[in-house]
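**Student:** Give me a model of this one.
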Amino acid sequence: MEGGTRQTSVPLHGSIDKSRILDVKPLKSLIPIFSMSSQASPPGQYPSGFSPFSPFGAPQQTPTEVTPNGASIPTPIRVYSSSPGAGDSSSTMEGFSDQRTSGKKKRGSPKSSSAKSSLDKPKKTQEPPVDLSVLVGITPAQKEDGSREVVNFVLMAFDALRRKLCQLEGARELSLGPIKRADLKACNTLMTKGIRTNMRKRIGSAPGVEIGDIFFFRTEMCVVGLHAQSMGGIDALHVRGEFEEETLAVSIVSSGEYDDDAEDIDVITYTGQGGNFFKKDKHAIDQKLKRGNLALDRSSRQLNEIRVIRGIRDDVNPNLKVYVYDGLYKIQDSWIGKAKGGGDVFKYKLVRMPGQPSAYAVWKSVQKWKSGTSRMGLILADISNGAENIPVSLVNEVDNVKAPTYFNYFHSLRHPKSFSLMQPSNGCTCTKSCVPGDLNCSCIRRNEGDFPYIGKGVLVSRMKLVHECGPTCQCFPNCKNRVSQTGLMHPMEVFKTKDRGWGLRSLDPIRSGTFVCEYAGEVVDRAKVSQLVREGNEYVFDSTRIYGQFKWNYEPKLLEEVNPSESSEHYAMPYPLTISAKNFGNVARFMNHSCSPNVFWQPVVYEENNQSYVHVAFFALRHIPPMTELTYDYGVARSDHAEGIRAVKGRKKCLCRSSKCRGSYG
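**Tutor:** Model (predicted):
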């Protein structure tokens, strides 16, 4: 700290009054520290039907508040330390939540007596929650301590359920009434069913969560144990010290709206909680050294690692934020400052530990490039030459190769092959845009009665075929059921990899289920596939290959209150589709193979000139951070005994370095 050496609030060994220790109640009479009861929610600050929760145990109320002493600015926080036995209990965790009101976050919440009054009310008898964790493949050990595979599984289960809830809400098919926050409903459901991981709270990294991982909802961080507070900015853990239980901060969320200074890529000046600074018609008051502030103060003396999550404005949805896990930090300094509203606030300087992969630094670099700052290794500003609405840059920071082999940029299919549906179909007759739940729309009926997309081009579920509105439909050109026909939704970059040729990545974060691009090229006859392989054509998409199986759709058992209709994840291609992108193609030709991909393909059908055509559209398998290479599974060719081609012939060595690497592909 500035102004002197830190002093602990715990009394020195020689100053302990032993007579006071003898008067302490036995431990069995104390309230358990790790209570699992829900944290009370201030009225009017949370969507109806939900309340803030602390999945790893609700905090307890502080017995005694600490009165701040007057001091010059900056004042060391140690002057706020309480006297021995007053206000320094390890159970001072009540009110950790960052309450959200009118779009503003608040660290700290008013005290509530609801916990006490609830004891006098008769409890309704409810059926015990059904634990589905084992049924979906999560063991008790994996719930306590995660892994990369388990974390990805839980996050995919969360978003699949959230997307389905949004689809049902859009079609007004929810039997429980409207849901204002599908993310909260999905999180509560997964928690109840035991589909979560890293339940054992810890200091340091959360197993399976990697630096640079992104989250579009705070609740996603809860289900994987990165940050246990659904609304709180400070998460803490009780640890046993030499003389008492202490609370140490284990993670913080810095969203940039609470007077934080978080522009530096390695340093954050974090503001404490409390003070009414964003409450209308409320006078700003001095923050108290309790709850999260006390946990951070003790962490500054213990120098324990703290997980830092940064909230960044989403360029696609400016009203929302994307949260990026920026790694482990330590508190280097702390002091008391003045808030803009006129109250004393606690300030904590957190410094990033060296040797960690870049995370927030990548976001800052992308922001500079978007603002016009020169890009190292930039060869061409737009490889599509205006064919795409969003430029596709060409970058090489590896060697002196100036460009990939020549090809003609084409954004869709050349020489597509038409087919006839089982039932003759014409375009929909919707007068404006197709509306979810409108069964008068022929396109919705062909999609098994569901609108396939939500939000900004987000696919709800994998389907046998996704039927989009086409040129023969009467709905508006901007209908939300034309996702794969609108072109790129994010700025892309073709870049040179170290050992796999050219690759593709996005400058924006991509949400799970978001449309990435179509596989464009020339549709070729099936008989020419073997010839293309012999010629070494690496730019071939073949729908008949064997692809790795994975589950992406929601689990129907999670929606017991809704009539579930699980859609099949097995595709129903009307004919074998083979596309060559060697001479004609788009950005999809640059996507490399991975045995653990972050992108998957989905057949999409729409009508042109009264004929139906199949297209191959790619969607994000999970959330993809910016500047992360986009990959999909190339699949493995089937044996063709008629032509004497062995299945192993033509396969290439896989360099994906995934834990599930099959060794070869193609």
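**Student:** Excluding chain neighbours, give the residue nearest to Thr486 in space.
**Tutor:** Gly457 (7.3 Å; C-beta to C-beta, 6 or more residues apart in numbering). In this view, the C-beta of every residue, glycine as well, is placed from N, C-alpha and C.
**Student:** what's the neighbour count on the one you found?
**Tutor:** 19 (other C-beta atoms under 10 Å).
**Student:** Tell me the span between the first and last residue of stretch 144-153.
**Tutor:** 15 Å (C-alpha to C-alpha, to the nearest Å).
**Student:** average pLDDT for that stretch?
**Tutor:** Across stretch 144-153, pLDDT averages out at 96.
**Student:** what do you get for stretch 234-252?
**Tutor:** On average, stretch 234-252 scores 87.
**Student:** okay, that stretch in CSV with CA atoms only?
**Tutor:** Extracted as CSV, the C-alpha positions of stretch 234-252 are listed here (Å, rounded to 0.1, in the frame of the first residue of the first chain):
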residue,chain,number,x,y,z
ILE,A,234,-16.4,-10.3,-6.1
ASP,A,235,-16.3,-14.0,-5.3
ALA,A,236,-14.6,-15.2,-2.2
LEU,A,237,-13.6,-18.4,-0.3
HIS,A,238,-13.4,-19.1,3.4
VAL,A,239,-10.0,-20.4,4.5
ARG,A,240,-8.7,-21.3,7.9
GLY,A,241,-5.9,-19.0,9.1
GLU,A,242,-3.7,-19.3,12.1
PHE,A,243,-6.2,-17.8,14.5
GLU,A,244,-9.5,-17.6,12.6
GLU,A,245,-11.4,-18.3,9.5
GLU,A,246,-10.7,-15.7,6.8
THR,A,247,-12.3,-14.8,3.5
LEU,A,248,-10.1,-14.4,0.5
ALA,A,249,-11.1,-13.1,-2.9
VAL,A,250,-10.9,-15.8,-5.6
SER,A,251,-12.3,-14.0,-8.6
ILE,A,252,-13.5,-10.6,-9.8
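**Student:** host element of Gln204?
**Tutor:** Quick fix: residue 204 is Gly, not Gln. Here Gly204 sits in a region with no helix or strand, counting by DSSP states H and E.
**Student:** got the phi/psi numbers for it?
**Tutor:** Dihedral pair for Gly204: phi 100, psi -160, per degrees, to the nearest 10.
**Student:** how near is it to Asn293?
**Tutor:** 22 Å (C-beta to C-beta, to the nearest Å).
**Student:** quick one: which of those two has more around it?
**Tutor:** Set side by side, Gly204 and Asn293 show more neighbours around Asn293, with 27 against 11, by other C-beta under 10 Å.
**Student:** what packs against the helix or strand containing that one?
**Tutor:** Assigned by DSSP H and E, Asn293 belongs to helix 291-302. When contacts are defined as 3 or more C-beta pairs under 8 Å, 6 or more residues apart in numbering; DSSP states H and E, helix 291-302 sits against strand 234-240, strand 245-254, strand 321-338, strand 344-352.
**Student:** Go ahead and produce PDB holding the CA coordinates of that helix.
**Tutor:** What follows is helix 291-302, C-alpha atoms only, in PDB (Å, rounded to 0.1, in the frame of the first residue of the first chain):
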ATOM      1  CA  ARG A 291     -17.800  -8.400   2.500                       C
ATOM      2  CA  GLY A 292     -16.000  -8.200  -0.800                       C
ATOM      3  CA  ASN A 293     -13.800  -5.300   0.200                       C
ATOM      4  CA  LEU A 294     -12.600  -7.100   3.300                       C
ATOM      5  CA  ALA A 295     -11.900 -10.200   1.200                       C
ATOM      6  CA  LEU A 296      -9.900  -8.200  -1.300                       C
ATOM      7  CA  ASP A 297      -8.000  -6.500   1.600                       C
ATOM      8  CA  ARG A 298      -7.100  -9.800   3.100                       C
ATOM      9  CA  SER A 299      -6.000 -11.100  -0.400                       C
ATOM     10  CA  SER A 300      -3.700  -8.100  -0.700                       C
ATOM     11  CA  ARG A 301      -1.900  -9.200   2.400                       C
ATOM     12  CA  GLN A 302      -2.000 -12.900   1.600                       C
END
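**Student:** partners of the very next helix or strand once past it in the sheet?
**Tutor:** For helix 291-302, the following helix or strand on the C-terminal side (DSSP H and E) is strand 306-313. Sheet pairing of strand 306-313 (DSSP bridges) gives strand 245-254 (parallel), strand 321-338 (antiparallel).
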